[in-house]
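Asker: Take this sequence and fold it.
(chains A and B)
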2 protein chains.
Amino acid sequence: MMNSLQLANGGALAFADWALAKQSRIQQLLDLTLPSADLAPQTLHSAMRYSALGGGKRVRALLCYAASELCHGDEAMADAAACAVELIHAYSLVHDDMPCMDDDDLRRGKPSCHKQYDDATALLVGDALQSLAFDVLSRPLNAHQATLQVNILQVLARASGSLGMAGGQAIDLAAVGKPLTQAELESMHQLKTGALIQAAVLLGAASGSALELAAVRTFATNIGLAFQVVDDILDVESDTQILGKTAGKDANSNKPTYVTILGLALAKQHAQHLHANAINALSPFGNTALRLKELADFIMQRSF
Amino acid sequence: MMNSLQLANGGALAFADWALAKQSRIQQLLDLTLPSADLAPQTLHSAMRYSALGGGKRVRALLCYAASELCHGDEAMADAAACAVELIHAYSLVHDDMPCMDDDDLRRGKPSCHKQYDDATALLVGDALQSLAFDVLSRPLNAHQATLQVNILQVLARASGSLGMAGGQAIDLAAVGKPLTQAELESMHQLKTGALIQAAVLLGAASGSALELAAVRTFATNIGLAFQVVDDILDVESDTQILGKTAGKDANSNKPTYVTILGLALAKQHAQHLHANAINALSPFGNTALRLKELADFIMQRSF
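Answerer: Prediction:
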């Protein structure tokens, strides 16, 4: 017999099946959204596809879909938002891996974009993926949704810029070799990783009430930081093959991380604490927030 | 006595005075829009301001304002659009000058961004200026203008991406040392320079009728190409001090230009031809298109 509560949560699907379905959906959408590799300029388009379709957990897209389900958002809008967030994330990885930034040769188990192509192409790939994100979000939907669309564009633009992700990168650059307090580290990651994770959730929840938005914002802030703490733990505990990127990189390059500042045990405890805060923020929603809770668990338990 | 036709054209101001007023307005707007250099991350913000406030002719902003006046566009919308186009242009210059691209040390008579700061900062400056452009365009205006805002965002995102400016850059990169026909060169510049020039005009004209839009689109396509032909002529005929960037650079780096393909005399003739097409497209508007015509003349007569 059908359980209406479960249906309200997006159906009776187990989390793994729901996530797989959404991951496959976002892959298809990105495939359709990215210009064909046959279309000129072919190298640029082929490199854009290489960088944006090369896998990944699609955590940001999943958060966006889950928040949209919670707030009964429009499906087409959720698709556009999930695509845009993944495109911004993909562009940031391409630029981060470049020699003048983190100089990383490996990404998702394959040569990073500038290794597979060249530096100039990687620069343009990142630039064009960012433009494409705003392109996707500004394609015509229903006219009565235009105000919502403008709101969403604003959230993503802010989260991507100098007071969001790019700003976090700049602080990160300036921090190499310098001792940071936990508060400074937190504020850096709030921008570098947290801003886009938060945007993913807020984009999905954009059609929700003010009360819903406030709750998912708290959820998003905490889960964004937890995501980064787990990243720092994995950098130490996992190996390159599972991680798909160079393990031990941050510690070796003298970058302050949660593990170098707190130690491994306290870092794990801190991640648990942030996770608990995130779950707690969802308590007003009861079981309708199931997917977001499951995603919070997934972010904690991931091995890459 | 007042002349009502002149007033309809934006008042009785001479072109030079009009342009100066608009240039000063866009400089103030950019100054207010760019985060303060005191705000963290300070280096990033200082470098963004260095790159976006460092002068330039502001041709794109002027085109945007002139098209908006022609179509009786909203002032706040024209301001936002002019800012956004100049921010996209500024980001593209910062990335173009980087060592992995054109490797140019000089821009507007000063050290280019990566020379004044460093490569990593220049990369982030370009990224963050692009985000800021979409941020500016998605700030809340009147709710009934949201559809127009979404249209404008779409035009700018398309003009900036792999099928616009970034795509033109990629084709340019691939063309170094290869013989191009005039048609191939034209199609490259249509993307590399033309797309953003066209966007500047279309953003300004966004509130116009379909007929107006078609005419200004033809104007913009022709004037965008003329702009590039004049650039190629100046690269040969002007010197570094007047140009504010390294003269003779394109010819020396074995890049195909209008001058290398057509020769100097035919290149000048071609520019005149494109200019005539642009002016001709405006004929239905009579004297109400005065500013756009004056801008077309300005683009032809400039010395830098």
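Asker: residues near the closest residue to A:Pro35 other than its chain neighbours, how many?
Answerer: Counting by Cβ to Cβ, 6 or more residues apart in numbering or on different chains, A:Pro35 lies nearest to A:His45, which is 4.7 Å off, once chain neighbours are set aside. All C-beta atoms are positioned from the backbone trio N, CA, C, and that covers glycine. Per other Cβ atoms under 10 Å in any protein chain shown, the neighbour tally for A:His45 reads 22.
Asker: who's in contact with A:His45?
Answerer: Neighbour list for A:His45: A:Leu34, A:Pro35, A:Ser36, A:Ala37, A:Asp38, A:Leu39, B:Ser162 [criterion: Cβ atoms under 8 Å, 6 or more residues apart in numbering or on different chains].
Asker: And A:Pro99, how far from A:Leu225?
Answerer: 29 Å (Cβ to Cβ, to the nearest Å).
Asker: brain fart, A:Leu148
Answerer: Distance of A:Leu148 to A:Leu225, given as Cβ to Cβ: 28 Å.
Asker: Same drill for the two, tell me which one is more crowded.
Answerer: More crowded of A:Leu148 and A:Leu225, by other Cβ under 10 Å: A:Leu225, with 26 against 18.
Asker: so what's the more buried one up against?
Answerer: With contact taken as Cβ under 8 Å, 6+ apart, A:Leu225 is in contact with A:Glu186, A:His189, A:Gln190, A:Thr193, A:Gly194, A:Leu274.
Asker: May I ask which of the residues you listed has the most neighbours?
Answerer: Ranked by the number of neighbours (other Cβ under 10 Å), those place A:Gly194 first, at 26 neighbours.
Asker: related to what we said a few turns ago, and the contacts of A:His45, which of them are in strands?
Answerer: Taking DSSP state E, every one of the contacts of A:His45 sits outside strands.
Asker: Can you tell me which of those is closest to A:Tyr117?
Answerer: Comparing these against A:Tyr117 with Cβ to Cβ picks out A:Ala37 as the nearest, at 12.3 Å.
Asker: What about the closest residue to the closest one other than its chain neighbours, how many residues nearby?
Answerer: Of all residues not flanking A:Ala37 in the chain, A:Ser46 sits nearest, at 4.1 Å (Cβ to Cβ, 6+ apart). By other Cβ under 10 Å, the residues close to A:Ser46 number 20.
Asker: A:Ser46 contacts A:Ser36, doesn't it?
Answerer: No: here A:Ser46 lies out of contact with A:Ser36, judged by Cβ atoms under 8 Å, at a distance of 9.3 Å.
Asker: Look up how far A:Asp232 lies from A:Ala67.
Answerer: 25 Å.
Asker: So between the two, which is more surrounded?
Answerer: Each of A:Ala67 and A:Asp232 has its neighbours counted (other Cβ under 10 Å); A:Ala67 has more, 30 against 25.
Asker: Name the residues of stretch A:20-27 that come out as buried.
Answerer: Buried residues in stretch A:20-27, counting neighbours by 16 or more other Cβ atoms under 10 Å in any protein chain shown, are found at A:Lys22, A:Gln23, A:Arg25, A:Ile26, A:Gln27.
Asker: Find the residue at the geometric middle of chain A.
Answerer: A:Arg60 (3.7 Å; Cα atoms, centre = their mean).
Asker: Find the residue closest to that residue in space, skipping its chain neighbours.
Answerer: A:Ala200 (4.0 Å).
Asker: count of neighbours near the nearest residue to A:Ile171 once chain neighbours are set aside?
Answerer: Leaving aside its sequence neighbours, A:Ile171 sits nearest to A:Met188 (Cβ to Cβ, 6+ apart; 4.5 Å). If you count neighbours by other Cβ under 10 Å, A:Met188 ends up with 24.
Asker: again with A:Cys113
Answerer: For A:Cys113, the neighbour count with other Cβ under 10 Å is 29.
Asker: Same check on A:Pro99?
Answerer: With other Cβ under 10 Å as criterion, A:Pro99 counts 16.
Asker: dump the residue contacts of it.
Answerer: Here A:Pro99 is in contact with A:His114, A:Asp119 (Cβ under 8 Å, 6+ apart).
Asker: pLDDT at it, what is it?
Answerer: For A:Pro99, the model assigns a pLDDT of 95.
Asker: so where's the stretch 151-300 of chain A uncertain?
Answerer: Within the stretch 151-300 of chain A, the stretches with pLDDT under 70 are A:240-243, A:247-253.
Asker: Mind jotting down where the strands sit in it?
Answerer: Assigned by DSSP state E, counting those that start in this stretch, the stretch 151-300 of chain A shows no strands.
Asker: And stretch A:112-132, what's buried?
Answerer: Applying a neighbour-count criterion of 16+ other Cβ under 10 Å, one finds A:112-117, A:119-132 buried in stretch A:112-132.
Asker: tell me how far it is from the chain's mean position?
Answerer: In terms of Cα atoms, centre = their mean, to the nearest Å, the centre of stretch A:112-132 is found 19 Å from the chain centre.
Asker: Next: stretch A:202-219.
Answerer: 17 Å.
Asker: residues in contact with it?
Answerer: A:63-74, A:77-78, A:81-82, A:84-85, A:148, A:151-152, A:155-156, A:198, A:201, A:220, A:277-279, A:281-282, A:284-285, A:292, A:296.
Asker: switch the cut-off to 7 Å
Answerer: Stretch A:202-219 is contacted from outside by A:63-68, A:70-71, A:73-74, A:78, A:81, A:85, A:148, A:151-152, A:155-156, A:198, A:201, A:220, A:278, A:281-282, A:284, A:292, using Cβ atoms under 7 Å, 6 or more residues apart in numbering or on different chains.
Asker: Endpoints of that stretch, how far apart?
Answerer: For stretch A:202-219, the first-to-last residue distance is 10 Å (Cα to Cα, to the nearest Å).
Asker: List the buried residues of that stretch.
Answerer: A:202-208, A:212-213, A:215-216, A:218-219.
Asker: could those residues go into a markdown table alongside distance to B:Arg107?
Answerer: Output for the buried residues of stretch A:202-219, formatted as a markdown table (distance: Cβ to Cβ, whole Å):
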| residue | distance to B:Arg107 |
| --- | --- |
| A:Leu202 | 37 |
| A:Leu203 | 36 |
| A:Gly204 | 41 |
| A:Ala205 | 42 |
| A:Ala206 | 39 |
| A:Ser207 | 44 |
| A:Gly208 | 45 |
| A:Glu212 | 47 |
| A:Leu213 | 42 |
| A:Ala215 | 47 |
| A:Val216 | 43 |
| A:Thr218 | 44 |
| A:Phe219 | 44 |
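Asker: Of all pairs in the residues you listed, which one is the farthest apart?
Answerer: Farthest pair in those, by Cβ to Cβ: A:Ser207 and A:Thr218, 18.5 Å.
Asker: just to revisit the earlier point, how many other residues sit next to the residue nearest to A:Arg60?
Answerer: Neighbour count of A:Ala200, defined by other Cβ under 10 Å: 32.
Asker: right, and it touches A:Cys64 too?
Answerer: Yes: taking Cβ atoms under 7 Å as the definition, A:Ala200 is a contact partner of A:Cys64 at 4.6 Å.
Asker: what is in contact with those two at once?
Answerer: Counting by Cβ under 7 Å, 6+ apart, the residues touching both A:Ala200 and A:Cys64 are A:Val85.
Asker: Chain neighbours aside, what residue packs nearest to A:Ala278?
Answerer: A:Ala278's closest residue in space is A:Asn222 (Cβ to Cβ, 6+ apart), at 3.9 Å.
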